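*Asks:* I would like the atomic coordinates for the input below:
(2 chains)
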2 protein chains.
Amino acid sequence: MAKSTASKVASLVLRILTIVLLLISLIVLTTTSKTVETDSGDLRLRFNNIIAYRYVLFTMVIGVAYSLLQLAFTIFSVISGSEGNLIFDFYGDKIISYFLATGTAAGLAVTKDLNAFFNQQLEDYEIDEFCSKGYASASLVLIAFLCTAILSVMSSYAIAANAKPSL
Amino acid sequence: MAKSTASKVASLVLRILTIVLLLISLIVLTTTSKTVETDSGDLRLRFNNIIAYRYVLFTMVIGVAYSLLQLAFTIFSVISGSEGNLIFDFYGDKIISYFLATGTAAGLAVTKDLNAFFNQQLEDYEIDEFCSKGYASASLVLIAFLCTAILSVMSSYAIAANAKPSL
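*Replies:* Numbering: from 1, shown residues only, chains lettered A, B, ... in the order given. Here you go, the predicted model:
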């Protein structure tokens, strides 16, 4: 059976949502910075001082690039009525959703421990605002991940729906 | 078409491998501790001082519990020749593989930044050995994740192979 128009529209909406969420998250993350006053002068803490945040940025860029590519393919397949490449969708959605899951986890994990460490050991430094932006950014990636995970379930079912009976 | 015996045996091997890897990883993680000498006395750093490591432990426990359950189901289905619950396999493998992916990412991210922070700011404290065990543990979870990701692809294809032609 052909992939229904309803599922194509759902894919389209989820892909656009993923792109929007990742772009907002990207802006939040890259503008995260904080100047803390230390005994030896001002110390400027930027997002790229934290290695895990660079990985989160990497997963966002991959996520946006893949989603834009898939958006183009989906629009093309809606217009032309073609099936698209189901195997590419299947593996692509699966791999990208794993990337976004790891991006979320890396972002949340490092922010949580950074926050706890500063609150316990270096109480004088106000880091809460910096960490809030880290949490916000990782949470947006989490929602983008959920969209991609739904797309991954849909692309798995699309293969099942198109399976030959004798396969 | 019925799920072939070959794929059942492959599942069995991958599940056992996942369990073994996660158990070794669990032992490595929970025995990770380091006593550092500070000006204000000895400070004992244990794995559970790091919040992200507790999450990694949580994903391991979930991974082992689920894999043991699936192992029992697979053995039962090999003996009885029954199909098993393909939908449960599909969602179960998918969700657990996401958990293990996030466990890997959280473990690696926090270890990397902890290591970098100590090397830059607190050179006097020898943290490398502690971090090595963190890396080792997270790497084992990574391999367990790869096993589960392969199982997830297999359980997706199992649904396709069993799809009714008119579906």
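*Asks:* use CA for all of it now, contacts and neighbours both
*Replies:* OK.
*Asks:* Where does pLDDT dip in chain A?
*Replies:* The model of chain A has pLDDT under 70 over residues A:1-3, A:38, A:40, A:164-167.
*Asks:* Enumerate the residues of chain A near chain B.
*Replies:* A:1, A:50-52, A:98, A:101-110, A:112-113, A:156-157, A:159-167 (Cα under 8 Å from any Cα of the partner chain).
*Asks:* Buried ones among those residues?
*Replies:* Neighbour counting with 16 or more other Cα atoms under 10 Å in any protein chain shown marks A:50-52, A:98, A:101-110, A:112-113, A:156-157, A:159-164 as buried within the residues of chain A next to chain B.
*Asks:* Sitting in helices, which of those do you find?
*Replies:* Among those, the ones falling in helices (DSSP state H) are A:51-52, A:98, A:101-110, A:112-113, A:156-157, A:159-161.
*Asks:* For the residue of chain A found nearest chain B, which non-adjacent residue is spatially closest?
*Replies:* Chain B sits closest to A:Ala160 of chain A, with a gap of 3.6 Å, by Cα to the nearest Cα. Computed as Cα to Cα, 6 or more residues apart in numbering or on different chains, the closest residue to A:Ala160 that is not its neighbour in sequence is B:Ala160, at 3.6 Å.
*Asks:* right, and that neighbour touches A:Ile87 too?
*Replies:* No - under the criterion of Cα atoms under 8 Å, B:Ala160 is not in contact with A:Ile87, lying 11.9 Å apart.
*Asks:* Please enumerate the shared neighbours of the two.
*Replies:* A:Ile159 (Cα atoms under 8 Å, 6 or more residues apart in numbering or on different chains).
*Asks:* before we move on, back to that, let me see the contact set for the residue nearest to A:Ala160.
*Replies:* Shown in contact with B:Ala160 (Cα under 8 Å, 6+ apart): A:157, A:159-163.
*Asks:* Show me what the helix or strand encompassing A:Ile16 is packed against.
*Replies:* Element membership of A:Ile16, judged by DSSP states H and E, is helix A:5-30. Helices and strands touching helix A:5-30, by 3 or more Cα pairs under 8 Å, 6 or more residues apart in numbering or on different chains; DSSP states H and E, are helix A:51-80, helix A:128-161.
*Asks:* Give me the distance from the next helix or strand after it to the chain's centre.
*Replies:* As assigned by DSSP H and E, the chain's next helix or strand after helix A:5-30 is strand A:33-38. Mean-position distance between strand A:33-38 and its chain equals 28 Å (Cα atoms, centre = their mean, to the nearest Å).
*Asks:* For strand A:33-38, name the packing helices and strands.
*Replies:* With contacts defined as 3+ Cα pairs under 8 Å, 6+ apart, the packing partners of strand A:33-38 are strand A:41-46.
*Asks:* contacting residues for A:Leu68?
*Replies:* A:15, A:19.
*Asks:* I meant to write A:Tyr125 there.
*Replies:* Contact analysis of A:Tyr125 by Cα under 8 Å, 6+ apart lists A:36-37, A:118.
*Asks:* what do you get if the cut-off is 10 Å, keeping everything else the same?
*Replies:* By Cα atoms under 10 Å, 6 or more residues apart in numbering or on different chains, the residues touching A:Tyr125 are A:35-38, A:118-119.
*Asks:* same question, A:Ile95
*Replies:* Shown in contact with A:Ile95 (Cα under 10 Å, 6+ apart): A:63, A:89, A:101, A:148-149, A:152, B:149.
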